[in-house]
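Chemist: sequence? don't have it. structure:
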């Protein structure tokens, strides 16, 4: 039988930023929000022994249409509530209200920055990298630090798994299908369900051939200093969530012309990460019904 205790024992190390990531304020262990809305903290033993037969994953609470001051207040509708589930996992719980939670739900598990680091394009996102056909062997992965934010790890550089010359695949994450660089953009579009924008790749021109063993960066942010740093490291393809104007302008410089930047969209990045995490829970606890919004 799966209990809240065993579920937390599985999730907590997967949603904890490692010390070597150099984050100035390390996040606490996976917070719990109970229906009485007390402060997040350690659960009582009676809560920890509660059986978990189902868990639902979502990025955030439902976004209801807000009434204007002239409108009469509207009662919550069925669309404002998560489905019946024993446990609920939220990435962004900041707008959570009591009416969002089904009466049968025991607790809400939340993780914001650690989830981004471990699953949504951050330096620990080996499950996402595996889906993209990237090599996740420790010997092949180079962490990238964001110098303007105290040297914290913000992503990593690797290459396609099909280009790996290692005789043994010492996988950090789950295995996936191999591929070549020419199909990388197709793989990215398939995994994320679309691409917001591609920069520095003329229409019809494929990514570099696999014979070149291109370096691929999977990053949780896109800034001019990160672009300059990864460019000096020889990155050919930079995969991230969204682009802002300073990075857009930096990409116009001549020294950046050889780097293809693929922006899949911030929410797409998070939803794939949510799917990877939910998949891990489903494999570890086959008797638990796993559902989600991805």
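Modeler: Perfect, thanks for sending it. Just so it is clear, the model here is predicted, and its values are computed rather than measured.

Chemist: which element is residue 158 on?
Modeler: Counting by DSSP states H and E, the element that carries residue 158 is strand 152-159.

Chemist: helices or strands up against that strand?
Modeler: Judged by 3 or more Cβ pairs under 8 Å, 6 or more residues apart in numbering; DSSP states H and E, the packing partners of strand 152-159 are strand 142-146, strand 215-219. For glycine as for every other residue, the C-beta is placed from the backbone atoms N, C-alpha and C.

Chemist: low-confidence ranges in the stretch 101-250 of the chain?
Modeler: Scanning the stretch 101-250 of the chain for pLDDT under 70 picks out 149, 163, 165-182, 201-212.

Chemist: all helices of this protein, in order?
Modeler: Using DSSP state H, the helices of the chain run over 4-14, 45-48, 113-119, 126-131, 184-192, 224-232, 245-250, 266-284.

Chemist: now those helices in JSON lines, with mean neighbour count and distance to residue 89?
Modeler: Shown next, in JSON lines, are these (neighbours: other Cβ atoms under 10 Å; distance: least, Cβ to Cβ, whole Å):
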{"stretch": "helix 4-14", "mean neighbour count": "17", "distance to residue 89": "8"}
{"stretch": "helix 45-48", "mean neighbour count": "12", "distance to residue 89": "16"}
{"stretch": "helix 113-119", "mean neighbour count": "24", "distance to residue 89": "9"}
{"stretch": "helix 126-131", "mean neighbour count": "23", "distance to residue 89": "15"}
{"stretch": "helix 184-192", "mean neighbour count": "18", "distance to residue 89": "20"}
{"stretch": "helix 224-232", "mean neighbour count": "18", "distance to residue 89": "29"}
{"stretch": "helix 245-250", "mean neighbour count": "14", "distance to residue 89": "31"}
{"stretch": "helix 266-284", "mean neighbour count": "19", "distance to residue 89": "8"}
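
Chemist: which one, of those helices, ends up nearest to residue 215?
Modeler: helix 224-232 (8.3 Å; Cβ to Cβ).

Chemist: give me the residue at the spatial middle of this protein.
Modeler: Closest to where the C-alpha atoms of the chain average out (Cα atoms, centre = their mean) is residue 120, at 1.5 Å.

Chemist: just checking, it touches residue 219?
Modeler: No. If you go by Cβ atoms under 8 Å, residue 120 and residue 219 don't touch, sitting 10.9 Å apart.

Chemist: any idea how far residue 18 is from residue 215?
Modeler: To residue 18, residue 215 is 23 Å away according to Cβ to Cβ, to the nearest Å.

Chemist: neighbour count: these two, which is higher?
Modeler: residue 215 (20 against 15; other Cβ atoms under 10 Å).

Chemist: roughly how far does that one sit from residue 140?
Modeler: 10 Å.

Chemist: overlap in contacts, the two.
Modeler: Common contacts of residue 215 and residue 140 (Cβ atoms under 8 Å, 6 or more residues apart in numbering): 158-159.

Chemist: so what's the closest residue to residue 93 other than its chain neighbours bridging to?
Modeler: Excluding its sequence neighbours, the residue lying closest to residue 93 (Cβ to Cβ, 6 or more residues apart in numbering) is residue 110, at 4.4 Å. For residue 110, the beta-bridge partners are residue 90 (DSSP bridges).

Chemist: okay then, goodbye and thanks.
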